[in-house]
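S.K.: could you look at this predicted model? Sequence included:
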Amino acid sequence: MDKKETQYYHALRILEDNCTGCTACVRVCPTEAIRVRNRKARIDANRCVDCGRCLETCEFHAIIPRSDPLDIIHRFKYKVAVVSTSYFGQFTEDVSYEVAKQAIYELGFDEVQEEAMVTEFMIGMIRDYIRHKRNTRPILSSNCPTVVRLIQLKYPSLLPNLFHLEAPMSILTSYLRDRIKAETGLAEEDIGIFLIVPCPAHVTAVHQPEGAYKHLQDGAFSIGMIYGRVHEHIKKLQNHPPRIQTFPKGLTWALSGVQADLVDCEDIRALSVNGVDNVMEILSRVEDHYLDQYDYIVLRSCTNGCVGGSFNVENPFVAMSRIKKMIKESTNSEADVHELDNLYRAGEFDVVPLTPRSIMELDKDIKTAIFKMKRINEILTSLPGLNCSACGSPTCYALAEDIVQGKATIDDCVVLLKRHSKEEEQE
Amino acid sequence: MPGCEAAKSEMAEFWHIHEGFEEAVKKHFAEPPEADVSLDSLIPEKDFNSAGKGSADVKNLLKRLGVNPEILRRVAVAAYEAEINVAAHSSGGAMLSHVYPDLIHMIFQDNGPGIGNIEQAMVPGYSTADDMVREMGFGAGLGLPNIKKNTDALHISSAAGDTTTLEFLIFFRQDG
């Protein structure tokens, strides 16, 4: 690989010892980022969007998530957790919102804040943004890091349509850092702010944010990883439920459909889309101008939104139902968003215009690209067309492309090899 | 279609070339070069589940060739409209795309029944779509005008009771 190119961070890792080379991951990857070579899976860092599909598909625990170890919080004097909304849908119904939140404190944090706290503020900000960008339709939500990267890679013409402001957990982080600095007098490096996240994409976004102007979070912990310890604390806390501030109304952020409903109003028409295949189909339609009648499209890579993230413990439909129940039954605290509003007006939540990371082009020069395409088509006619993935590429087309790009040879095709050896036998 | 009786067996032609492209278009049709990359697919009658697949394939092909995103959008819109037209109004047909380093030439050929009055069909809002097609959300009468708007050269030849061929050119560089 060219050394000058950016090395992309990913929150997924392959354990070679466990990998059998079965190609299950190769076939489910939406960006065709995985190849099996020498019987081991390899992820192309330029193409991976951290959607987590391979992680869910692998039966051999050969693809594992990479989130930070909880111990790193002790490097900081003041430790803050910012909790993703989907966390609250992970427990049985006898566990209250307060107990689930208090359990995070018990892990050793000095302060626990929730993404849910800023949901209402976000909705207002999104509406404001949509109304100011009258000439761009539809505006596409940018909260899901997988969707942002998917657009950079496969639909770069839609980059101007992306909602170019920080996501709620980052907004909260930058607000909290300023507030804590002022209140405690601590230096920036003494304050550790961490996210508790539902998916690998959010871990990647912490370690390699797209478009961030400044230092945001210091680490990300997977819901699945802390679940066991949190559960221990919950058992103890159940007898003495704490009385702490919670923001159940804001939990809607974890559900893509509900989020769209909230943005939708008299002059804003919103559409909700979730699941990576649906997202890609819709992005392709947006590209063709067939969805210009929508002002805003909520796009989430996982089923039902963030409750479908692969770090969650509970099924996305059950988690969604629980969160809806919580929203209905609990009493909401009013979040003071006054300061957030000032920060927004001051441009503190702006992001750098996102740039393409195109993976589609065969070559920078169109003549060479056409030549390569011609070669691909020629090779394709000699391949069996079974799309069996036994060569380690996802489809026969992908193998033909790999051959032309010098990443594979025709001998990688197992079916052709067998045919040839049979022919030789007959001769 | 009783309204089309008068035009029956009369061959109709329609040409529209955007300003500035006359020379390039003439040159292309005078001696059509051999395309390095071609793509073809069938368009089954009234099959709205798969209609649109052919134009999606063309878009993906052009993405791989690194064609400018705005040009890509124009090709995608024109190709999709033309593909839907064949599916909605004819008894099926086929689409063929030839890609050159500087342009794409797409040809849509159907099996009839032909367009009686092409000039009328070019008027925005005019549609002969039947109820079934309209129920599927198509047939707003914007297909041909939309194709005209998004292409650099458009040629339709047809006759009532006969087949229709629609072809268009889109250049990859708009500065000529």
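M.R.: Everything's here; your move.

S.K.: which residue does the stretch 201-350 of chain A have closest to chain B?
M.R.: A:Asp288 (4.3 Å; Cβ to the nearest Cβ). Every C-beta, even on glycine, is put in place using the N, C-alpha and C of the backbone.

S.K.: just confirm that residue contacts B:Arg73, I think it does.
M.R.: Yes: if you go by Cβ atoms under 8 Å, A:Asp288 and B:Arg73 touch, sitting 6.3 Å apart.

S.K.: of those two, give the one with the bigger neighbour count.
M.R.: Between A:Asp288 and B:Arg73, A:Asp288 has the larger neighbour count (other Cβ atoms under 10 Å in any protein chain shown), namely 22 against 16.

S.K.: report the separation between that one and A:Ser141.
M.R.: With the distance defined as Cβ to Cβ, to the nearest Å, A:Asp288 ends up 20 Å from A:Ser141.

S.K.: could you pull out the helices in the stretch 1-150 of chain A for me?
M.R.: A:24-28, A:53-57, A:97-105, A:119-132, A:145-154 (DSSP state H, counting those that start in this stretch).

S.K.: just how off-centre is the last one within its chain?
M.R.: In this case it means helix A:145-154. Counting by Cα atoms, centre = their mean, to the nearest Å, helix A:145-154 is centred 9 Å from the centre of its parent chain.

S.K.: what does the third one give?
M.R.: Here the centre of helix A:97-105 is set off from its chain's centre by 25 Å, with Cα atoms, centre = their mean.

S.K.: now the longest one
M.R.: Using Cα atoms, centre = their mean, the distance from the centre of helix A:119-132 to the centre of the chain it belongs to is 21 Å.

S.K.: next, the buried residues of that helix.
M.R.: The neighbour-count check on helix A:119-132 (16 or more other Cβ atoms under 10 Å in any protein chain shown) flags A:119-123, A:125-127, A:129-130 as buried.

S.K.: which sections of chain B are below the confidence cut-off?
M.R.: B:1-10, B:136-137, B:139-142, B:175-176 (pLDDT under 70).

S.K.: quick check: which ranges of chain A have low pLDDT?
M.R.: In chain A (pLDDT under 70), the answer is A:1-6.

S.K.: need the residues of it near chain B, please.
M.R.: A:154, A:156-157, A:284, A:287-290, A:358, A:360-364, A:366-367, A:369-371, A:373-374, A:377 (Cβ under 8 Å from any Cβ of the partner chain).

S.K.: recalculate using a threshold of 6 Å.
M.R.: By the criterion of Cβ under 6 Å from any Cβ of the partner chain, the positions of chain A lying close to chain B are A:157, A:288, A:360-362, A:366-367, A:369-370, A:373-374.

S.K.: state the distance from the residue in chain B that chain A sits nearest to to A:Thr31.
M.R.: Nearest residue of chain B to chain A: B:Pro69, at 3.1 Å (Cβ to the nearest Cβ). According to Cβ to Cβ, B:Pro69 stands 18 Å off from A:Thr31.

S.K.: and what of A:Pro198?
M.R.: 20 Å.

S.K.: equivalent analysis for A:His231, please.
M.R.: 35 Å.

S.K.: who has more neighbours out of the two?
M.R.: A:Thr31 (21 against 14).

S.K.: surely that one and A:Arg47 touch.
M.R.: Yes: shown here, A:Thr31 and A:Arg47 form a contact pair, counting by Cβ atoms under 6 Å, at 4.7 Å.

S.K.: which parts of the chain are strands?
M.R.: I went with chain A, as the question did not name one. Secondary structure of chain A (DSSP state E): strands at A:12-14, A:34-37, A:40-43, A:63-65, A:78-83, A:111-114, A:139-140, A:191-197, A:219-222, A:270-274, A:296-300.

S.K.: ah, no, chain B please
M.R.: Using DSSP E, strands in chain B cover B:12-17, B:37-43, B:93-99, B:103-110, B:153-158, B:164-171.

S.K.: need those strands in CSV with mean neighbour count and distance to chain A, can you?
M.R.: Converted to CSV, the strands of chain B look like this (neighbours: other Cβ atoms under 10 Å in any protein chain shown; distance: least, Cβ to the nearest Cβ, whole Å):
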stretch, mean neighbour count, distance to chain A
strand B:12-17, 15, 21
strand B:37-43, 17, 5
strand B:93-99, 21, 7
strand B:103-110, 22, 11
strand B:153-158, 22, 18
strand B:164-171, 22, 12
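
S.K.: before we move on, back to that, so who does the residue of the stretch 201-350 of chain A closest to chain B touch?
M.R.: By Cβ atoms under 6 Å, 6 or more residues apart in numbering or on different chains, A:Asp288 lies in contact with B:76-77.

S.K.: can you rerun that using 8 Å?
M.R.: B:59, B:73, B:76-77, B:80 (Cβ atoms under 8 Å, 6 or more residues apart in numbering or on different chains).

S.K.: do B:Gly52 as well
M.R.: Counted by Cβ under 8 Å, 6+ apart, B:Gly52 has contacts B:80, B:83-84.

S.K.: and it, backbone torsions?
M.R.: phi 110, psi -20 (degrees, to the nearest 10).

S.K.: OK, now which residue of chain A is nearest to chain B?
M.R.: A:Ser157 (3.1 Å).

S.K.: so what's the most centrally placed residue in chain B closest to, chain neighbours aside?
M.R.: Central residue of chain B (Cα atoms, centre = their mean): B:Ala82, 3.9 Å from the mean position. Distances taken as Cβ to Cβ, 6 or more residues apart in numbering or on different chains place B:Phe108 nearest to B:Ala82, at 4.7 Å, with adjacent residues excluded.

S.K.: that older thread, the contacts of B:Gly52: which ones sit near chain A?
M.R.: When Cβ under 8 Å from any Cβ is applied, the members of those adjacent to chain A are B:Tyr80.

S.K.: columns distance to B:Phe29 and neighbour count on top of the contacts of B:Gly52, output as TSV?
M.R.: Conversion of those to TSV gives the following (distance: Cβ to Cβ, whole Å; neighbours: other Cβ atoms under 10 Å in any protein chain shown):
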residue	distance to B:Phe29	neighbour count
B:Tyr80	24	25
B:Glu83	22	25
B:Ile84	25	20
